[in-house]
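A.B. asks: Quick one: sequence and predicted model below, then my questions.
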Amino acid sequence: KQEVTQIPAALSVPEGENLVLNCSFTDSAIYNLQWFRQDPGKGLTSLLLIQSSQREQTSGRLNASLDKSSGRSTLYIAASQPGDSATYLCAVIGGYNKLIFGAGTRLAVHP
Amino acid sequence: DTGVSQDPRHKITKRGQNVTFRCDPISEHNRLYWYRQTLGQGPEFLTYFQNEAQLEKSRLLSDRFSAERPKGSFSTLEIQRTEQGDSAMYLCASSTDRPPGANVLTFGAGSRLTVL
């Protein structure tokens, strides 16, 4: 059974810091991996999708990497801003495009 | 197209009542998913439709839960005889299996259920 773990569970940093959020999964037989952002009480916003054949994806200040063999992905946020404060969810994608999520990392960026 | 729409956004009900949530996916998306999210946890898969066919159901979907997608467009999720443990955010997502954008799920804002 696929299990997804995210570390740390919570993170509080001052504005301007570079951050690394970690995601690990137990079964390397995945199609893709996706990172989402969730604001309190809201739905999910897709940030980056990494296909299983890819090593990384970049969008603006965000960079996500994938190492299937070790069952790990990282989300790198450069020059963090207060507007980045949210919960970041990692999900691995298997058959039927079913997503299996981690519990998330709650990020607080303070001015 | 305004994305994935869910209705109602918030439902408060008493234990034992039935509730129904509706999801309108992106119009050209043939795949539709329901997830449940409790406080402090990531979303958990409930069920998946390809067009009108329900192809997979989680063990989380007890016999009090039923989901339909009668014409392969909108979907409903009904919970009968609600329990306090059903309190959660119910998220709907849709995707297409055709490029461009194949297999990328788009989520709705969710329907929050509170069972008193």
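C.D. replies: Ah, there it is. Numbering: from 1, shown residues only, chains lettered A, B, ... in the order given.

A.B. asks: Can you tell me how far the residue in chain B that chain A sits nearest to is from A:S12?
C.D. replies: Distance from chain A to each residue of chain B (CB to the nearest CB) is smallest for B:G42, at 3.1 Å. Any C-beta I mention is one placed from the backbone N, CA and C, and that applies to glycine too. Counting by CB to CB, to the nearest Å, the gap from B:G42 to A:S12 is 20 Å.

A.B. asks: wait, doesn't A:D67 sit right on A:S73?
C.D. replies: Yes - contact status for A:D67 versus A:S73: in contact at 7.3 Å, counting by CB atoms under 8 Å.

A.B. asks: what do the two both touch?
C.D. replies: Common contacts of A:D67 and A:S73 (CB atoms under 8 Å, 6 or more residues apart in numbering or on different chains): none found.

A.B. asks: The two - which one has more neighbours?
C.D. replies: Set A:D67 next to A:S73 and count neighbours by other CB atoms under 10 Å in any protein chain shown: A:S73 wins out with 27 against 13.

A.B. asks: Leaving out sequence neighbours, find the closest residue to the residue nearest the centre of chain B.
C.D. replies: With distances taken as CA atoms, centre = their mean, B:W34 lies nearest the centre of chain B, 3.2 Å away. Among residues not flanking B:W34 along the chain, B:L46 sits closest, at 4.3 Å (CB to CB, 6 or more residues apart in numbering or on different chains).

A.B. asks: pLDDT at B:K71, what is it?
C.D. replies: In this model, B:K71 is scored at 86, pLDDT.

A.B. asks: what about A:S80, distance to chain B?
C.D. replies: According to CB to the nearest CB, to the nearest Å, A:S80 stands 22 Å off from chain B.

A.B. asks: Could you list which residues are in contact with that residue?
C.D. replies: Applying CB under 8 Å, 6+ apart, the residues near A:S80 are A:13, A:15-19, A:107, A:109.

A.B. asks: Let me know the secondary structure of it.
C.D. replies: Three-state call for A:S80 (DSSP: H, G, I helix; E, B strand; the rest coil): coil.
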